[in-house]
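Novice: sequence? don't have it. structure:
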């Protein structure tokens, strides 16, 4: 019998990280199945468009020194594939992240028994709000990056929990955005350290899955053998290289789900410190049991 994980309670840094992985471990099969059922079509389109973009960009720069730039005619094709790559990527990540948070919401409301149809319907209903909130999120982060390093660190925390607020608080996009800055005041520094540690874990794992494609391209260019050929530097994009990149992006996509799950735990931790919602619910449930 699987263990029911309580979301609505206060947690320290280590507990947030350990419970994030514990939840994924306990729910791995139904959780991954649900996310892939909802985001799968967009993920497939994303990987296809990514491989097409890698192929067209590699073909564009596959010219020999001294030859004319006849491949420049492929420029519109490359930018078209890049645009398709970006659009399908956004859709894949939006549907996946929304599915994760709605899965957790159903898990909480049904005491561990997730309703798949309920999750699917909720993802569809919140799609446009999710997209709008995503635009607000990235505009904020880009603006913070332009300002300096410290504003980025400050903006990271509210933007990390903004989707969880939208799903669990049932607020609209603008209210979720403004409330995120209020919520983080309950425990800003611990939350920031938690995000940095989780980001480091996921980033390290992502680099590991990127190594096969990087090693293959290095071998193909002859760097290890010391026989590097300028022409080979432009000719390492082949089916094997594209396939390795597809696997790399697929694993990165799945690793991103860890951060989304952790954002729910961080949200409930901050909300509990601010509003004691879970504590009041447990007290009420005890009163009902005594009656």
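Specialist: Yes, it's here. Just so you know, these numbers come straight off a predicted model, no measurement behind them.
Novice: flag the shaky bits of the stretch 151-291 of the chain, pLDDT-wise.
Specialist: Applying pLDDT under 70 to the stretch 151-291 of the chain picks out residues 221-237, 276-291.
Novice: just the helices from it, written as ranges.
Specialist: 173-183, 188-221, 230-233, 239-275, 277-290 (DSSP state H, counting those that start in this stretch).
Novice: what about the spatially closest residue to residue 246 that is not a sequence neighbour, how many neighbours?
Specialist: Leaving aside its chain neighbours, residue 246 sits nearest to residue 47 (5.2 Å; criterion: Cβ to Cβ, 6 or more residues apart in numbering). C-beta here means a position set from N, CA and C on the backbone, and glycine is covered the same way. Neighbour count for residue 47, taken as other Cβ atoms under 10 Å: 21.
Novice: counting by contacts, list what the helix or strand hosting residue 47 packs against.
Specialist: Assigned by DSSP states H and E, residue 47 falls within helix 28-60. Contact analysis of helix 28-60 by 3 or more Cβ pairs under 8 Å, 6 or more residues apart in numbering; DSSP states H and E lists helix 75-109, helix 116-125, helix 239-275 as its packing neighbours.
Novice: center of this structure - which residue?
Specialist: Centroid-nearest residue in the chain: residue 256, 3.6 Å away (criterion: Cα atoms, centre = their mean).
Novice: can you check the pLDDT for the residue nearest to residue 246?
Specialist: Looking at residue 47, its pLDDT stands at 92.
Novice: re the thing from before, just send the helices and strands packed on helix 28-60 back as JSON lines, with distance to residue 217 too.
Specialist: Converted to JSON lines, these look like this (distance: least, Cβ to Cβ, whole Å):
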{"stretch": "helix 75-109", "distance to residue 217": "19"}
{"stretch": "helix 116-125", "distance to residue 217": "37"}
{"stretch": "helix 239-275", "distance to residue 217": "6"}
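Novice: those helices: which one's closest to residue 27?
Specialist: helix 75-109 (7.3 Å; Cβ to Cβ).
Novice: residues of that closest one that come out buried?
Specialist: 77-78, 81-82, 84-85, 88-108 (16 or more other Cβ atoms under 10 Å).
Novice: tell me the angle that helix makes with helix 116-125.
Specialist: Using axes from the mean of the first three to the mean of the last three Cα atoms, to 10 degrees, the direction of helix 75-109 lies 130 degrees away from that of helix 116-125.
Novice: okay, angle between helix 75-109 and helix 239-275 too, please.
Specialist: Relative orientation of helix 75-109 versus helix 239-275 (the same axes, to 10 degrees): 40 degrees.
Novice: what angle separates helix 75-109 from helix 28-60?
Specialist: Using the same axes, to 10 degrees, the inter-axis angle of helix 75-109 relative to helix 28-60 is 170 degrees.
Novice: run a quick neighbour tally on the nearest residue to residue 104 once chain neighbours are set aside.
Specialist: Distances taken as Cβ to Cβ, 6+ apart put residue 264 closest to residue 104, at 4.9 Å, once the chain neighbours are dropped. Residues near residue 264, counting by other Cβ under 10 Å, number 25.
Novice: what sits up against whatever helix or strand residue 138 lives in?
Specialist: Applying DSSP H and E as the criterion places residue 138 in helix 127-147. Residues outside helix 127-147 that contact it (Cβ atoms under 8 Å, 6 or more residues apart in numbering): 90, 94-95, 97-98, 151-152, 154-156, 159, 162-163, 166, 172-174, 176-177.
Novice: for that helix, buried residues please.
Specialist: Buried, per 16+ other Cβ under 10 Å, within helix 127-147: 129, 130, 132, 133, 134, 136, 137, 140, 144.
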